[in-house]
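>>> How does the following fold in three dimensions:
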Amino acid sequence: EVQLVESGGGSVQPGGSLRLSCEASGIFFSRLIMSWVRQAPGKGFEWGSSIGSGDLDTCYSDSVKGRFTISRDNAKNTLYLQLSSLKTGDTGIYYCANGYRPKWGEGLWGQGTQVTVSS
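Numbers count the residues shown, from 1 in each chain. Predicted coordinates:
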């Protein structure tokens, strides 16, 4: 079955950290550019980060640069996002998807994992 499954979300206080995972199956994961996209409550989708197939090329939006780190383990078909110095504005559903800065409805997306940052 072709799918992406995110995990690792939860509730944390401002300044806290989380590590999100996205396990891929049924696709040639190691060949794909992968991204993380989030959706804050009541808002549209916001691209956060992308990584090349070889784990060397990464890029981030200004809103997460310096706080989030994207990585991948091609042997495990898994994409990661380390979230640090979390702010309340980081609250939302985090999705992994294939492609660079993917748009909703394009390519393969996971079901999302909820991240809530609140004191």
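>>> For the nearest residue to residue 90 once chain neighbours are set aside, list each beta-bridge partner.
Of all residues not flanking residue 90 in the chain, residue 117 sits nearest, at 5.1 Å (C-beta to C-beta, 6 or more residues apart in numbering). In short, each C-beta sits where N, CA and C put it, glycine included. Applying DSSP bridges to residue 117 gives these bridge partners: residue 12.
>>> what about residue 117, distance to residue 92?
According to C-beta to C-beta, to the nearest Å, residue 117 stands 9 Å off from residue 92.
>>> next one: residue 78
In terms of C-beta to C-beta, residue 78 sits 21 Å off from residue 92.
>>> between those two, which one's more packed in?
residue 92 (22 against 18; other C-beta atoms under 10 Å).
>>> give me every residue that touches that one.
By C-beta atoms under 8 Å, 6 or more residues apart in numbering, the contact list for residue 92 reads 38-41, 43, 46, 114-115.
>>> Who are the contact partners of the residue nearest the centre of the chain?
Central residue of the chain (C-alpha atoms, centre = their mean): residue 36, 2.9 Å from the mean position. Residues near residue 36 by C-beta under 8 Å, 6+ apart: 20, 22, 47-50, 68, 70, 79, 81, 94-97.
>>> go on, residue 104?
Counting by C-beta under 8 Å, 6+ apart, the residues that residue 104 touches are 37, 45.
>>> Next: the one 3 residues further on.
The contact partners of residue 107, taken as C-beta under 8 Å, 6+ apart, are 97-99.
>>> could you dump the residues you listed to TSV with pLDDT and neighbour count?
TSV is the format used below for the contacts of residue 107 (pLDDT from 0 to 100; neighbours: other C-beta atoms under 10 Å):
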residue	pLDDT	neighbour count
97	97	26
98	96	22
99	95	16
